[in-house]
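Visitor: quick one: sequence plus predicted model below, questions after.
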Amino acid sequence: MTHKLRIDTGSESSVNDEVVKQSEEVRTSILGGGLGEQFKSYSGVFSSVKLGPYVIKHVWGPGGPGPSIGMELLRRFVVTFDAPHGRIYLEPTPQLNDPVPTPPPN
């Protein structure tokens, strides 16, 4: 499945997408805090996430609305934004193959 993702450099998430509900491994969790109320949510495993030529396997991510990619995956790259041409360039760092953390149990 191919999705366009909003880049969210203020998010600590990996990939946030409601399709993760269809994952074989799903966990419920309590999210929120800060200025918002706590609420029940879920996260699941994407078998892989492909960013250009790079593939990251077994990616835990939340299932919230509005598909986005956050810093848990972007921290694995030096990201250069070419806004005038609508492109981003990714240069992998040594963290490219770090495992994506599993969400804490409730």
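Guide: Sure thing, it's come through.
Visitor: correct me, but residue 20 touches residue 43?
Guide: Yes. Contact criterion CB atoms under 8 Å: residue 20 and residue 43 qualify, at 6.7 Å. Heads up, the C-betas are built off the backbone N, CA and C, glycines and all.
Visitor: identify the contacts common to these two.
Guide: Residues touching both residue 20 and residue 43 (CB atoms under 8 Å, 6 or more residues apart in numbering) are 26, 61, 62, 63.
Visitor: could you dump these to TSV with pLDDT, distance to residue 74 and secondary structure?
Guide: Shown next, in TSV, are the shared contacts of residue 20 and residue 43 (pLDDT from 0 to 100; distance: CB to CB, whole Å; DSSP: H, G, I helix; E, B strand; the rest coil):
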residue	pLDDT	distance to residue 74	secondary structure
26	89	24	strand
61	92	13	strand
62	89	15	strand
63	88	19	coil
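Visitor: mean confidence score for the strand or helix carrying residue 49?
Guide: According to DSSP states H and E, residue 49 maps onto strand 36-51. Mean pLDDT, strand 36-51: 84.
Visitor: may I ask which helix or strand of this structure has the lowest mean pLDDT?
Guide: Lowest mean confidence among the helices and strands of the chain (mean pLDDT, DSSP states H and E): strand 26-33, at a mean of 72.
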